[in-house]
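Enquirer: Pasted the sequence and its predicted model underneath.
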Amino acid sequence: MELKEALARLAELQRKMYAYQAASSSLYLDGTTVAPKDTAEGRGVALGVLAGERHKLFSAPEVGELLDFLWERRDGLDHPVRRQVEELRRSYGQLTRIPADEYMEYAVLTNQASDVWHRAKEASDFQLFRPVLEKLVAFNIKFAGYYDSSKAPYDALLNEYERGVDMAYLDSFFATLRERIVPLLHAVMEQEPPDDSFLRRRYPVEGQRRFSDYLMEVLGLDRAHCAIGETEHPYTLEFNNKDVRITTHYHEDNMDFSMYSVIHEGGHAKYELGIADELQYTCLAGGVSMGVHESQSRFYENLIGRSLPFIQAIFPKMQEFFPGQLADVTAEQFYRAVNKAQPSLIRTEADELTYCLHVMVRYEIEKQLIGGTLAVKDVPGTWNRLYKEYLGVDVPDDRRGCLQDSHWSGGSFGYFPSYALGSAYGAQMLRNMERDMDVWGPVSRGDLSGVSAWLGEKIHRYGGLMEPADVVKNACGQFDPTVFADYLEKKYSQLYAL
């Protein structure tokens, strides 16, 4: 086989894999947005077939031969192609260790689990979800052994979301944050809280939809390439850098939920839309890790979106969208309200200060589930105990407790720590950005182009072209979680006059 032919086969293989993924993503998008409730069975059949065909395509012996052929000639390949071969060889090694029947069964299970989770959450009944969750946990323990049998199962799963991260690293990372956050939270709770009652006034959904359109415009999201839908749990789904979908959820008595979910998912979308054209339809066309991805969503949501300059910039338009609700409110009052620190039940509604404590609860539970020291039946009790211990709140029901997130229904064990890592990465990115340019002058005028350009140059355009640690180093320098703790201390000390 000639090198030219091998490269053509490599490109064709990746386009076929993209096509299968795009088809599966389309079914998932339809199922969570506009499909009728009791239609999961048909999608499950289709997803199972697609997963089987994709497995058959990628696990074929000739694919292994092709990748080995190219790897042996890696010195003659340009960097993007060499990275593609490197990543595909890693994935091929994992996939060929997973029996095809198990791979297909798991695809069907996760589709079923999404439907069961929705019904269980609606009924606030963990027992409905428990049998499916038991299967998901068992599958993930088994798959972890396929991924890397030399690692503890949960370490192998963590590595799928943030390569190089393990339980020892995260235990140290979370201990550093807990040591700084908990005393700060106690000090904050002794102060008079800001008034946020105006956030609970009635904000009609139609007005919120128009406001979402405006926020996407401010974020610089091209609506010709980024659409917005409505789901129970907001998410971002990328097809390529010309087609990204975000979703949100509207509550008439909780306007800031949708506001910040749009900004959060918009941050994910900015990343995907900014990945270089030459990486599209290859295995490098996507965010390099979930931690880096979450750094972008939480950067826009919190570091920019909850900043006083940003709120001052958009507040006049907010008053146009909601004149009756915000006529007696100032930008300063709104800023204080959306940064109110208060232990709460729901992760997606948590303030910056307490957010990582929510993540720590999930990390501890996942670590025990996959480690075999916690039975699925005991998840609600453990969840409730940890919420009381970490946040001091009592969990009233499963809907607002262990059923609030969709991640486990999709089999995403090891994902949650990425949210905390992303928050910490973002704080360090902001520090470096402020050293390189005037961040807040343009932001105070509603101009995020400079912020987006900096992130695009340091992170977005590379996709998976570099290792996660190298992308973090490119934007953060030497990672130091105390930078995030310093940021929180400065911000909340000023907000609460500590």
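Expert: Received it, and whenever you're ready, just let me know what you need.
Enquirer: contacts and neighbour counts: CA atoms only from here.
Expert: OK.
Enquirer: in this protein, which ranges drop under the pLDDT threshold?
Expert: Low-confidence regions of the chain, defined here as pLDDT under 70, do not occur.
Enquirer: what's downstream of the longest helix seen in the chain, the next helix or strand?
Expert: Using DSSP state H to define each element, the chain has its longest helix at helix 3-33. The element immediately downstream of helix 3-33 (helix or strand, assigned by DSSP states H and E) is helix 40-59.
Enquirer: what's next to that next one, contact-wise?
Expert: Helix 40-59 is contacted from outside by 13, 17, 20, 23-24, 27, 31, 92, 95-96, 100-101, 103-105, 107-109, 111-112, 115, using C-alpha atoms under 8 Å, 6 or more residues apart in numbering.
Enquirer: what about the helices in the stretch 101-250 of the chain?
Expert: 126-147, 153-161, 167-189, 205-219 (DSSP state H, counting those that start in this stretch).
Enquirer: CA-only coordinates of the last one, as CSV, when you get a sec.
Expert: Below are the C-alpha coordinates for helix 205-219, written out as CSV (Å, rounded to 0.1, in the frame of the first residue of the first chain):
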residue,chain,number,x,y,z
VAL,A,205,-41.4,32.4,28.4
GLU,A,206,-41.9,34.2,25.1
GLY,A,207,-39.9,37.2,26.5
GLN,A,208,-37.2,34.9,27.7
ARG,A,209,-37.0,33.3,24.3
ARG,A,210,-36.4,36.8,22.7
PHE,A,211,-33.8,37.5,25.5
SER,A,212,-32.0,34.3,24.6
ASP,A,213,-31.8,35.4,21.0
TYR,A,214,-30.2,38.7,22.2
LEU,A,215,-27.7,36.9,24.5
MET,A,216,-26.6,34.7,21.6
GLU,A,217,-26.0,37.9,19.6
VAL,A,218,-23.9,39.4,22.4
LEU,A,219,-21.9,36.2,22.6
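Enquirer: Just the element for Lys317, please.
Expert: Secondary structure (DSSP H and E) places Lys317 in helix 308-321.
Enquirer: Kindly calculate the angle that that helix makes with helix 205-219.
Expert: 140 degrees (axes from the mean of the first three to the mean of the last three C-alpha atoms, to 10 degrees).
Enquirer: What is helix 308-321 packed up against?
Expert: Packing partners of helix 308-321 (3 or more C-alpha pairs under 8 Å, 6 or more residues apart in numbering; DSSP states H and E): helix 205-219, helix 323-326, helix 331-338, helix 440-443.
Enquirer: mind checking which of the ones you listed is nearest Gly410?
Expert: Nearest to Gly410, of all the helices and strands packed on helix 308-321, is helix 205-219, at 26.7 Å by C-alpha to C-alpha.
Enquirer: Verify the contact between His264 and Leu303 for me.
Expert: No - if you go by C-alpha atoms under 8 Å, His264 and Leu303 don't touch, sitting 10.8 Å apart.
Enquirer: Those two: which is more packed in?
Expert: His264 (26 against 20; other C-alpha atoms under 10 Å).
Enquirer: quick revisit: most tightly surrounded among the helices and strands packed on helix 308-321?
Expert: Highest mean neighbour count among the helices and strands packed on helix 308-321 (mean count of other C-alpha atoms under 10 Å): helix 331-338, with a mean of 19.
Enquirer: Whichever of the contacts of helix 40-59 end up buried, select them in ChimeraX.
Expert: Remark: buried members of these, expressed as a ChimeraX selection using 16 or more other C-alpha atoms under 10 Å:
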select :13,17,20,24,27,31,92,95,96,100,103,104,105,107,108,109,111,112,115
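Enquirer: Just the buried positions in the helix or strand containing Arg435, please.
Expert: Using DSSP H and E, Arg435 falls within helix 417-436. Residues of helix 417-436 classed as buried by neighbour count (16+ other C-alpha under 10 Å): 417-430, 433.
Enquirer: Then stretch 12-22?
Expert: So stretch 12-22, judged by 16+ other C-alpha under 10 Å, has buried residues 13-22.
Enquirer: Contacts for it, please.
Expert: Contacts of stretch 12-22 (C-alpha under 8 Å, 6+ apart): 50-51, 54, 57-58, 239, 281-283.
Enquirer: Same check on stretch 294-307?
Expert: 260-261, 263-268, 271, 310-311, 335, 338-339, 352, 418-419, 421-427, 430, 443.
Enquirer: still on that earlier bit, let me have the helices and strands packed on helix 308-321 in CSV, extended by distance to Ala168.
Expert: What follows is these, written out as CSV (distance: least, C-alpha to C-alpha, whole Å):
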stretch, distance to Ala168
helix 205-219, 37
helix 323-326, 47
helix 331-338, 34
helix 440-443, 37
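Enquirer: Minimum distance to Asp171: which of the ones you listed has it?
Expert: Between the helices and strands packed on helix 308-321, helix 331-338 lies closest to Asp171; by C-alpha to C-alpha that is 29.6 Å.
Enquirer: after that closest one, next one along is what?
Expert: Next along from helix 331-338, by DSSP H and E: helix 352-371.
Enquirer: What is that following helix packed up against?
Expert: helix 126-147, helix 153-161, helix 167-189, helix 379-391, helix 417-436.
Enquirer: about what we covered before: deepest-packed of the helices of the stretch 101-250 of the chain, please.
Expert: Counting by mean count of other C-alpha under 10 Å, the most buried of those turns out to be helix 153-161, with a mean of 22.
Enquirer: packing partners for it?
Expert: Using 3+ C-alpha pairs under 8 Å, 6+ apart: helix 153-161 touches helix 126-147, helix 352-371.
Enquirer: got a list of contacts for the helix holding Lys317?
Expert: 207-208, 210-211, 304-305, 325-327, 331-332, 334-335, 440, 443-446.
Enquirer: let's see it at 7 Å
Expert: With contacts defined as C-alpha atoms under 7 Å, 6 or more residues apart in numbering, helix 308-321 is touched by 207, 211, 304, 326-327, 331, 335, 440, 443-446.
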